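Colleague: compute the structure for the input listed below.
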Amino acid sequence: MRDQTQIRLKSKTGRACVWRMALCLAALGTASGLAQNPTPAPPPNNAVVLDRVVAVVNNHAILASDVSDEMRLAVLDPGRAGLGVLTPKRALEQLISRALIQQQIRQEDAHAAEPSQAEVDARLAEIRKEVPACVRQNCVSEQGWKDFLVAHGLTPERVASYLRYRIEILRFIELRFRQGIRIAPEEIETYYRDTLLPQYSPGEAIPPIEKVAPRIEEILLERQVNVLFDDWLNNLRKQGDVEVLDPSFESPETQRGTGKGGA
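Modeller: Residues are numbered from 1 along each chain as shown. All right, here's what the predicted structure looks like:
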């Protein structure tokens, strides 16, 4: 019942910072090189194009393969529960946000400590127990986890890299936005009564508020942080140089978010 309660709560967090950036957000670094020439000459007629640059964020290239990779990794994001398949346009939006955030982190703290292996392992254990797609494939078992990775075109190394980024973003958000926010007991009681209780069917065991209050407080904190984080990210977009090179990937967000050199 403890794990089920956590899943219920997490499924209702909305666009939680970490899982969206992942937004959040979430989400969370694909590796792309620097775009020295963001508009290369077309290849010869007999050449096979293995990859291409689809966007540039402050001289940082985002490749078509990065977008495909982001779409595969979306299965690990519990914040996407009920949102359907991640589209290429939305995947690119997440990658643009990710690039802007990572660049800002490097500017503010160039020597930020990389998440430890223990932190990555702990987060991975949570995912294997809590993400709905993982639960369905019995990811808590080693064979179930291997089968899950194969089914979604992922590797242990790629998942670990993704989780390191997510942890790094969480740490940054915690330090920059979360300090000073306080949740009143009345807010926790309202969420418990109006949001959590309706999720339970008649006759189903309902956890007491004392048991779930810490997680409810976490959810409400995330909501407030999301507002602050969204404002900050929008400012980064306005100040940055974001250019989408492939028109098929353009969305209202990329058109509004282009900065001084954006398309």
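Colleague: quick one: low-confidence ranges for the chain?
Modeller: Along the chain, segments meeting pLDDT under 70 span 1-49, 78-83, 110-113, 251-263.
Colleague: all strands of the stretch 101-250 of the chain, in order?
Modeller: 242-244 (DSSP state E, counting those that start in this stretch).
Colleague: show me where it has its helices.
Modeller: 117-130, 132-136, 142-151, 156-173, 185-191, 209-239 (DSSP state H, counting those that start in this stretch).
Colleague: could you dump these to a markdown table with mean neighbour count and distance to Pro88?
Modeller: Just so you know, the C-beta spots here come from the backbone N, C-alpha and C atoms, and that holds for glycine as well. Shown next, in a markdown table, are the helices of the stretch 101-250 of the chain (neighbours: other Cβ atoms under 10 Å; distance: least, Cβ to Cβ, whole Å):
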| stretch | mean neighbour count | distance to Pro88 |
| --- | --- | --- |
| helix 117-130 | 15 | 24 |
| helix 132-136 | 16 | 20 |
| helix 142-151 | 14 | 20 |
| helix 156-173 | 19 | 18 |
| helix 185-191 | 14 | 35 |
| helix 209-239 | 16 | 19 |
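Colleague: out of the ones you listed, flag the one nearest Ile96.
Modeller: helix 209-239 (7.8 Å; Cβ to Cβ).
Colleague: packing partners of the closest one?
Modeller: Applying 3 or more Cβ pairs under 8 Å, 6 or more residues apart in numbering; DSSP states H and E, one finds that helix 209-239 makes contact with helix 2-11, helix 17-20, helix 88-108, helix 185-191, helix 252-257.
Colleague: go through the helices of the stretch 101-250 of the chain and name the closest to Ser97.
Modeller: Of all these, helix 209-239 comes closest under Cβ to Cβ, at 6.0 Å.
Colleague: next, the angle helix 156-173 makes with the closest one.
Modeller: Here the directions of helix 209-239 and helix 156-173 differ by 90 degrees (axes from the mean of the first three to the mean of the last three Cα atoms, to 10 degrees).
Colleague: helix 209-239: how far from the chain's middle?
Modeller: 13 Å (Cα atoms, centre = their mean, to the nearest Å).
Colleague: again with stretch 138-157
Modeller: Worked out by Cα atoms, centre = their mean, stretch 138-157 lies 20 Å from the chain centre.
Colleague: contacts for that stretch?
Modeller: 72-73, 75, 127-129, 131, 133-134, 137, 159 (Cβ atoms under 8 Å, 6 or more residues apart in numbering).
Colleague: which members of those are the farthest-apart pair?
Modeller: Arg72 and Lys129 (20.6 Å).
Colleague: hang on, Ile169 packs against Leu100?
Modeller: No: at 11.4 Å, Ile169 does not count as touching Leu100 under the criterion of Cβ atoms under 8 Å.
Colleague: quick revisit: closest one to Arg52 among the helices of the stretch 101-250 of the chain?
Modeller: Using Cβ to Cβ, the nearest of the helices of the stretch 101-250 of the chain to Arg52 is helix 156-173, at 20.5 Å.
Colleague: just the angle for that closest one relative to helix 142-151, thanks.
Modeller: 90 degrees.
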